[in-house]
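S.K.: build me a structure from this.
(one chain, ligands or ions: 1)
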Amino acid sequence: MSNLTTNQDLDPVALRRAFGVFPTGVVALAAEVEGVPVGLAASSFTSVSIDPPLVSVSVAHTSKTWPDLRRGRHFGVTVLADHHGTVCRQLSGPVPERFTGLDLTVSEDGAVTLDEGLVRFSCSLYREVEAGDHVIVLLKVESVDQAELGGEGHPLVFHRSGFGRLERSA
Ligand SMILES: Cc1cc2nc3c(=O)[nH]c(=O)nc-3n(C[C@H](O)[C@H](O)[C@H](O)COP(=O)(O)O)c2cc1C
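M.R.: Residues are numbered from 1 along each chain as shown. Prediction:
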C-alpha cells in the first residue's frame, strides 16, 4: 500500500485540489444590510443539527463581505439550482454587481433569498467558531421555504473547481 500522507501532500495547492474532489452543492448566503443586499456564494454549506435546527457555512478570513454581512439581522440561505452556474460566479465576483438582475425576496427581518432557489432558509446567527483561516458560521434555521418545483429541481454541483449536475444511478 502506498504512503497516504507526506508533508508534500499538504501544500496548499495540492490540498485545495484534494478537497475539490469532494462534490458539494452551492448556496447563496445573503442579508440586507443598511437597505442593500450583501452576500456571497458558498460551497461549504452543510446541515449540522435537527434540534436545534442548525446549518453551517465556512467563510474565509480574507472575505471582505463577511464583516458587513454578519451585521444582518437574518440571513437567507438559498440552495442553488443546476442552471445557476453563471449566477454563482456573479455571487462570488465583484461586490457592486453581485445581485444585479437577480430575482430576490427580502424578508421582513432582512433575509435575502433567490426566487429560483431549490430551498430557501431564513436563519439567525447562532455562533461563530474560529477554524484556521476560516470562521465556521453556525446559523439557526428559523424558517424553510421549499420552492414549488423544489422537490423536482436539480442542484448545482461544485466539483474540482467546476460546475456539474447530479446524476442519479437509481
Ligand atoms: C463555487 C464557489 C464556492 C465558494 N465557496 C466559498 C465558501 O464556502 N467560503 C468562502 O469563504 N468563500 C467561498 N467562495 C468565494 C466567495 O463567494 C467570494 O468570492 C469570496 O468571499 C470573496 O468575496 P468577498 O471578499 O466579497 O467576501 C466560493 C466561490 C465559488 C465560485
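S.K.: going by C-alpha atoms from here, please, whenever you check contacts or count neighbours.
M.R.: Fine.
S.K.: residues of this structure that sit close to the ligand?
M.R.: Contact residues, the chain versus the ligand (C-alpha under 6 Å from any ligand atom): 40-44, 58-60, 63-66, 88-89, 91-93, 95, 158.
S.K.: can you show me the helices along the chain?
M.R.: Applying DSSP state H to the chain gives helices spanning 12-19, 66-69, 85-92.
S.K.: now mean pLDDT and mean neighbour count too, for the ones you listed, in JSON lines please.
M.R.: Below are the helices of the chain laid out as JSON lines (pLDDT from 0 to 100; neighbours: other C-alpha atoms under 10 Å):
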{"stretch": "helix 12-19", "mean pLDDT": "93", "mean neighbour count": "12"}
{"stretch": "helix 66-69", "mean pLDDT": "98", "mean neighbour count": "16"}
{"stretch": "helix 85-92", "mean pLDDT": "98", "mean neighbour count": "17"}
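S.K.: run through the strands of the chain in chain order.
M.R.: 27-33, 36-42, 46-49, 54-60, 75-79, 104-106, 112-114, 119-131, 134-146, 156-159, 162-165 (DSSP state E).
S.K.: what pairs with the fourth one, parallel or antiparallel?
M.R.: In this case it means strand 54-60. Strand partners for strand 54-60, identified by DSSP bridges, are recorded as strand 46-49 (antiparallel), strand 134-146 (antiparallel).
S.K.: any weak-confidence spans in the protein?
M.R.: 1-9, 147-151 (pLDDT under 70).
S.K.: at 50 what do you get?
M.R.: 149-150 (pLDDT under 50).
S.K.: out of the helices of the chain, which is closest to I136?
M.R.: Nearest of those to I136, taken as C-alpha to C-alpha: helix 66-69 at 11.5 Å.
S.K.: who's in contact with S143?
M.R.: F121, S122, C123 (C-alpha atoms under 8 Å, 6 or more residues apart in numbering).
S.K.: follow-up on the earlier one: restricted to buried residues, select the residues of the chain next to the ligand in PyMOL.
M.R.: Buried residues among the residues of the chain next to the ligand (16 or more other C-alpha atoms under 10 Å), as a PyMOL selection:
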select buried, resi 40+41+42+43+58+59+65+66+88+91+158
